[in-house]
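1. what's the 3D shape of this:
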Amino acid sequence: MKSKYINFYNNLIKLTTNKSLYKNIKNDQDSFSDRLSIFLFHFAFILKEFKNDKNDKILQEIYDYNFRQLELSIREIGYGDQSINKKMKDYINLFHSIISEIHFWNELESMKKKDILAKFLDNFSDIEYLVDYFNKFSEELSKNNLNSYLKSVISQ
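-> The predicted structure follows:
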């Protein structure tokens, strides 16, 4: 595994742990699943924005690295080998579903965006806030390049 993507992974973690994203959680306590979903949304938006022939190899390496890190996190939680394989399959399927849903994000109407986020983030009560957040995140991504997320640490 290439540790050169640790900054990228840490940037995703930093984005995911942004407290403002969890201020309107329904049960007053976010879970691993909630954080994982937010993590996967950030990652999906990044892949969507930077996917091109030039970045294909790097994005594949980042994809592999991130899912390996997720697997290690699941192991740390204490899941057994059989459970981990099932969980990873579920998470990868969830991620690909998210990518599929946000593919045309910039062309979607606000209501459709809310529906997409509500489908995956059912523990969040203020979906409009999340739509606005991911609209801004997508816009910010379009102003940068992949290299800026690989080499530096982002600020929130």
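
2. for Glu139, see how far away the residue nearest in space to the middle of the chain is.
-> Centroid-nearest residue in the chain: Leu40, 2.4 Å away (criterion: CA atoms, centre = their mean). Distance, Leu40 to Glu139, using CB to CB, to the nearest Å: 20 Å. Heads up, the C-betas are built off the backbone N, CA and C, glycines and all.

3. with Leu130 instead?
-> Separation of Leu130 from Glu139 (CB to CB): 15 Å.

4. repeat that for Tyr129.
-> In this view, Tyr129 and Glu139 are 16 Å apart by CB to CB.

5. more neighbours, these two?
-> Neighbour comparison, Tyr129 and Glu139: the larger count goes to Tyr129, with 15 against 11 (by other CB atoms under 10 Å).

6. chain center to the particular helix or strand that has that one in it: distance?
-> Assigned by DSSP states H and E, Tyr129 belongs to helix 127-142. Distance of helix 127-142 from its chain centroid, counting by CA atoms, centre = their mean, to the nearest Å, is 12 Å.

7. buried residues of it, list them for me.
-> Neighbour-count burial for helix 127-142 flags 127, 130-131, 133-134, 137-138, 141 (criterion: 16 or more other CB atoms under 10 Å).

8. looking at those residues, spot the one nearest Asp56.
-> Leu141 (17.2 Å; CB to CB).

9. identify each buried residue in the helix or strand where Phe41 lies, please.
-> If you go by DSSP H and E, Phe41 is part of helix 32-50. Burial within helix 32-50, assessed by neighbour count using 16+ other CB under 10 Å, is assigned to 34, 36-50.

10. out of these, who's nearest Asn123?
-> Asp34 (5.3 Å).

11. list the contacts for the residue nearest to that closest one when sequence neighbours are not counted?
-> In this structure, Asp34 finds its nearest non-sequential neighbour in Asn123, 5.3 Å apart by CB to CB, 6 or more residues apart in numbering. Residues in contact with Asn123, defined by CB atoms under 8 Å, 6 or more residues apart in numbering, are 25-27, 30-31, 33-34.
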